[in-house]
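Undergrad: need the 3D shape of this:
(chains A and B)
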2 protein chains.
Amino acid sequence: MRAFMQQFDNNATKEAHPMDFEKINMLLLDKDYSALKNELRNAQPADIADFLNELDEKQALLIFRLLPKEMAADVFAYLSVERQAELSDLVNEKELSEIIADLYFDDKVDFLEEMPANVVKKILKNTSEVERKLINQFLMYPDNSAGSLMTIEFVDLKKEMLAGDALERVRKTAPDKETIYTCYVIDAARHLEGTLSLKDLVLAPVDKKVGDIMQKDPIYVTTHDDQEGVADIFKKYDLLAVPVVDNERRLVGIITIDDIVDVIEKENTEDFYKMAAIQPTEEEYINAGVFTLARKRIVWLLVLMVSATFSGYIIRSFEATLQSLVALAAFIPMLMDTGGNAGSQASTLVIRSIVLGEVEFKDLLKVIWKEIRVSALVGAFLAAINFLRIYFLERYTLSIALTVSLTLVFTVIIAKIVGGVLPLVAKKLRVDPAIMASPLITTIVDGVALIIYFYFAKRILLI
Amino acid sequence: MRAFMQQFDNNATKEAHPMDFEKINMLLLDKDYSALKNELRNAQPADIADFLNELDEKQALLIFRLLPKEMAADVFAYLSVERQAELSDLVNEKELSEIIADLYFDDKVDFLEEMPANVVKKILKNTSEVERKLINQFLMYPDNSAGSLMTIEFVDLKKEMLAGDALERVRKTAPDKETIYTCYVIDAARHLEGTLSLKDLVLAPVDKKVGDIMQKDPIYVTTHDDQEGVADIFKKYDLLAVPVVDNERRLVGIITIDDIVDVIEKENTEDFYKMAAIQPTEEEYINAGVFTLARKRIVWLLVLMVSATFSGYIIRSFEATLQSLVALAAFIPMLMDTGGNAGSQASTLVIRSIVLGEVEFKDLLKVIWKEIRVSALVGAFLAAINFLRIYFLERYTLSIALTVSLTLVFTVIIAKIVGGVLPLVAKKLRVDPAIMASPLITTIVDGVALIIYFYFAKRILLI
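TA: Down below sits the predicted model:
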């Protein structure tokens, strides 16, 4: 959650230009700590964290200790996991527990999840039993679930409260809350009964009951909902925050839009990886180990390599044809590549449309009909260009030019239909459509292209 | 912007389940309009819009007219462009100008941009001259610029105001504002001087001056900033809204997070398209015309097809080698595909890392070194599997098995280096790195694989 409310709460907003690292470096060299302190006070926590991530351990610790107390936790939440671990080791126990205490609850849980056992132990030792229990409960929500994204720092109200008292409660508890702009109304058993915006609360007469001005039946999600579904709800209803309930509809937390923005980018990255036949990983490429990277790539490469040998079998079974006219081999790469590219275009468009909720399995016939018309146009155009090149420019025989051009038309048509259909079928079979992207389509289309090619070669060239 | 404040303002939040379309359909058939009206009142505008998009024109109009007045504009903003155009044609001028008047300003501009000339004329006729001028100004901001995303419905304050008066101004103007949770402090010439959160305003003593409690030097963007950069600022600083200024730092609008979420998805879609060699389009796949789709795909297919003919030339130049051992042809698809896939994996990882700001050109050597090690591992493993298959399973000669396996190792290594390097070089040359994705890498690697293959074939097989 980091600084969801930063722009409102911290008075820490600044120009959209990174802070002056050079100046800070100079001050650091000059040991002008009071000027340094002043410079830091006016910088953005995200920028300071960027800066600290680049320094060596000792300098980072020095600067971190110069931060105004109220900024330390905020900067800490923005640091890289590696830097967080190093600083946690370097500071003393008192300092560490102060930082941790100031973190928002969801940042605290995220942080503990990433830290080595000795750091976790050090921290939990200084935590109250109630909070320790809560942390453990939060650590158990599955990765990518709504539960793993939520925070507990929201304002809760009761239906029977008067607007004036409710506003007083908001005022009093505001400093510790992630957001005060939506309040959550619960009953004695913590069941979610409604939401109330600060705006409505401010505008309401002080003697009106919360129950009469709150929004009943609010949108909510449950702790085990998948984060992708939660992101879709944010997008569809343009929300800033959503309440999270457990199986008995008791309010256990809220999720705010800043965390959802991260989820959207993460899910997109995952799709990019899957569509390039890489097993998804949460590690940044530049930080990931060589063995991890190799492992994430090798599985699909192997599967696709073995599949590609079928194209080899097809060539072998037409070896006699090829032997009698070895010139045919020269067109194989172009036919395979163009088919693969044509198929990938269709599959990418359809996969993305599925992800964005624009296309479903029921649109199958519509997709096929669209791809047939598009591919006929595209295929005919490419084949014409090809024919001209092969016949007039490279002066092959008419039959060879015809064979290659006809193969191209049919390959493009079949490639585009396969590319359009497979992601929809995958979705229907509850397989991730992203699997049906370029690499797999290319492999399938290769075989198709070769069969068409040799078929026409035999028919037209009579070999 | 649609209903950025919906959860706070409209009291229209609801369970995260779509509304009961069947029930509404039943009521529609029964002509039970009062029950229908009631059902609609409790539904989410986004859900009603989904429903209206599916109905035929007449029924859509009927339901639209049953909507409570305060919901009509909200639902209208969520409709598809096609449905908006149809309804604009069907309703009378008075109805239309009422809906348009209730739209948030950025939705109004978006809507006018999409409508045919006759509708635009009908609307502008009923608009005040001041607003007409403003609309025309907003229509001139380039697509994808901060100016094209912003809205004008924010609360502005003056430094000299007392907190109490400022709060009164917020209360009074709240109903027309997209957000009241951040207020923007400007001087007499409308220069942006600071921001003030509603929270700080509520907590401040009534006789304090706005200038003393506001945040000075706030983060801002300018009207001509690219939307991708604006999105990066939202992500980095976890913002909910950002002020937009003109060249003289005069405040002209604000951008809210809900529109940025749309920008993020749009930019991702664009990258997916580019990486599959499709020219980006904003049209949804399922609604796009056949000719549009064909045009967006044909350019790159043609470029890649022509490039792929170089692989053909390579094969032709080794025709004698191939003629003497036509069995070699059977391994060409596997070598080309595996090389292409290996290269695409590397390029996808690097392209995505560039987009997410994790890798820059200065990391070039780091990337190369990483890819060399990963590809040596992956290549060796794949080659070993291949050797076993070719030599033991398919019982080719040792020299052929060696030729193919060695080619595979070197192809994978070169493919991964090329895939890792090209996106970074593109970025350096200010070309979109997404171009250097699977299709182009595959075409390049094909040629490389063939040259290596025939080189080893000549050396090892002595042909």
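Undergrad: and the residue most central in space within chain A, what does it touch?
TA: For chain A, the residue sitting closest to the mean C-alpha position, by C-alpha atoms, centre = their mean, is A:Lys266 at 1.5 Å. By C-beta atoms under 8 Å, 6 or more residues apart in numbering or on different chains, the residues touching A:Lys266 are A:Glu282. Using the backbone N, CA and C atoms, a C-beta is placed for each residue, glycine as well.
Undergrad: how about it, secondary structure?
TA: helix (DSSP: H, G, I helix; E, B strand; the rest coil).
Undergrad: what's the closest non-adjacent residue to A:Phe331?
TA: In space, A:Phe331 comes closest to A:Val404 once its chain neighbours are excluded; the distance is 5.0 Å by C-beta to C-beta, 6 or more residues apart in numbering or on different chains.
Undergrad: from what I can see that neighbour touches A:Pro333, true?
TA: No: between A:Val404 and A:Pro333 there is no contact under C-beta atoms under 8 Å: 11.9 Å.
Undergrad: can you map out the strands along chain A?
TA: Counting by DSSP state E, chain A has strands at residues A:154-157, A:179-186, A:192-197, A:215-216, A:221-222, A:241-245, A:251-256.
Undergrad: quick one, the last one and strand A:241-245 angle?
TA: Relative orientation of strand A:251-256 with respect to strand A:241-245: 150 degrees, computed using axes from the mean of the first three to the mean of the last three C-alpha atoms, to 10 degrees.
Undergrad: report the buried residues of strand A:251-256.
TA: A:Leu251, A:Val252, A:Gly253, A:Ile254, A:Ile255, A:Thr256 (16 or more other C-beta atoms under 10 Å in any protein chain shown).
Undergrad: closest one to chain B out of those, please.
TA: A:Thr256 (9.0 Å; C-beta to the nearest C-beta).
Undergrad: is it true that that closest one touches A:Leu240?
TA: Yes: A:Thr256 is in contact with A:Leu240 according to C-beta under 8 Å; the separation is 6.9 Å.
Undergrad: could you pull out the residues contacting both of the two?
TA: In contact with both A:Thr256 and A:Leu240: A:Thr179, using C-beta under 8 Å, 6+ apart.
Undergrad: now do the contacts for A:Arg389.
TA: B:Thr309.
Undergrad: could you measure from it over to A:Arg395?
TA: Using C-beta to C-beta, to the nearest Å, we find A:Arg389 at a distance of 10 Å from A:Arg395.
Undergrad: re the thing from before, so can I have TSV of the buried residues of strand A:251-256 showing distance to A:Glu193?
TA: Below are those laid out as TSV (distance: C-beta to C-beta, whole Å):
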residue	distance to A:Glu193
A:Leu251	9
A:Val252	15
A:Gly253	16
A:Ile254	15
A:Ile255	19
A:Thr256	21
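Undergrad: pLDDT wise, what is the residue in the stretch 51-200 of chain A positioned nearest to chain B at?
TA: Nearest residue of the stretch 51-200 of chain A to chain B: A:Ser197, at 3.3 Å (C-beta to the nearest C-beta). The score at A:Ser197 is 89. That number is its pLDDT.
Undergrad: ok, back up a step: now distance to chain B too, for the buried residues of strand A:251-256, in a markdown table please.
TA: Formatted as a markdown table, the buried residues of strand A:251-256 follow (distance: C-beta to the nearest C-beta, whole Å):
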| residue | distance to chain B |
| --- | --- |
| A:Leu251 | 14 |
| A:Val252 | 16 |
| A:Gly253 | 15 |
| A:Ile254 | 11 |
| A:Ile255 | 12 |
| A:Thr256 | 9 |
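Undergrad: what is the burial count for A:Asn287?
TA: 11 (other C-beta atoms under 10 Å in any protein chain shown).
Undergrad: no no, A:Ala241
TA: Quick note: A:Ala241 (other C-beta under 10 Å) scores 25 neighbours.
Undergrad: so it touches A:Ile257, yeah?
TA: Yes: applying C-beta under 8 Å as the test, A:Ala241 and A:Ile257 come out as touching, 6.7 Å apart.
Undergrad: now the nearest residue to A:Ile368 once chain neighbours are set aside: how far from chain B?
TA: In space, and not counting its chain neighbours, A:Ile368 is closest to A:Ile417: 6.0 Å by C-beta to C-beta, 6+ apart. Using C-beta to the nearest C-beta, to the nearest Å, A:Ile417 is found at 14 Å from chain B.
Undergrad: repeat for A:Arg395
TA: 13 Å.
Undergrad: what do you get for A:Ile213?
TA: Taking C-beta to the nearest C-beta, one finds A:Ile213 at 9 Å from chain B.
Undergrad: chain neighbours aside, what residue packs nearest to that residue?
TA: Nearest to A:Ile213 is A:Ala204, by C-beta to C-beta, 6+ apart, at 4.9 Å.
Undergrad: per-residue confidence for the one you found?
TA: You'll see A:Ala204 listed with a pLDDT of 86.
Undergrad: hmm, back to that, what number of residues lie near the residue nearest to A:Phe331?
TA: Around A:Val404 there are 26 residues (other C-beta under 10 Å).
Undergrad: for A:Lys216, same thing?
TA: Residues near A:Lys216, counting by other C-beta under 10 Å, number 13.
Undergrad: stretch A:192-212: end-to-end distance?
TA: 15 Å (C-alpha to C-alpha, to the nearest Å).
Undergrad: buried stuff in it?
TA: So for stretch A:192-212, counting by 16+ other C-beta under 10 Å, buried means A:192-202, A:204, A:208, A:210-211.
Undergrad: sorry, back to before: least reliable of the strands of chain A by average pLDDT, please.
TA: Minimum mean pLDDT among those: strand A:215-216, a mean of 86.
Undergrad: given that strand, what are its sheet partners and their directions?
TA: Applying DSSP bridges, strand A:215-216 is found paired with strand A:192-197 (antiparallel).
Undergrad: quick one, domains of chain A?
TA: A:6-140, A:154-262, A:299-461 (automatic domain parsing).
Undergrad: got a markdown table for those domains, with distance to B:Ile63 too?
TA: As requested, the domains of chain A are exported to a markdown table (distance: least, C-beta to C-beta, whole Å):
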| stretch | distance to B:Ile63 |
| --- | --- |
| domain A:6-140 | 39 |
| domain A:154-262 | 19 |
| domain A:299-461 | 22 |
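Undergrad: closest one to B:Gly340 among these?
TA: Proximity to B:Gly340 (C-beta to C-beta) singles out domain A:299-461 among these, at 7.1 Å.
Undergrad: which of the domains of chain A is buried the deepest?
TA: Highest mean neighbour count of the domains of chain A: domain A:299-461, a mean of 21 (counted as mean count of other C-beta atoms under 10 Å in any protein chain shown).
Undergrad: mind checking the end-to-end distance for that one?
TA: Start-to-end span of domain A:299-461 (C-alpha to C-alpha) is 41 Å.
Undergrad: pLDDT at the closest residue in space to A:Ser375 that isn't next to it in sequence, what is it?
TA: Closest residue in space to A:Ser375, ignoring its immediate chain neighbours: A:Lys416 at 3.7 Å, by C-beta to C-beta, 6+ apart. For A:Lys416, the pLDDT comes out at 96.
Undergrad: residues in contact with A:Lys416?
TA: Here A:Lys416 is in contact with A:Ala342, A:Gly343, A:Gln345, A:Ala346, A:Glu371, A:Ile372, A:Val374, A:Ser375, A:Val378 (C-beta under 8 Å, 6+ apart).
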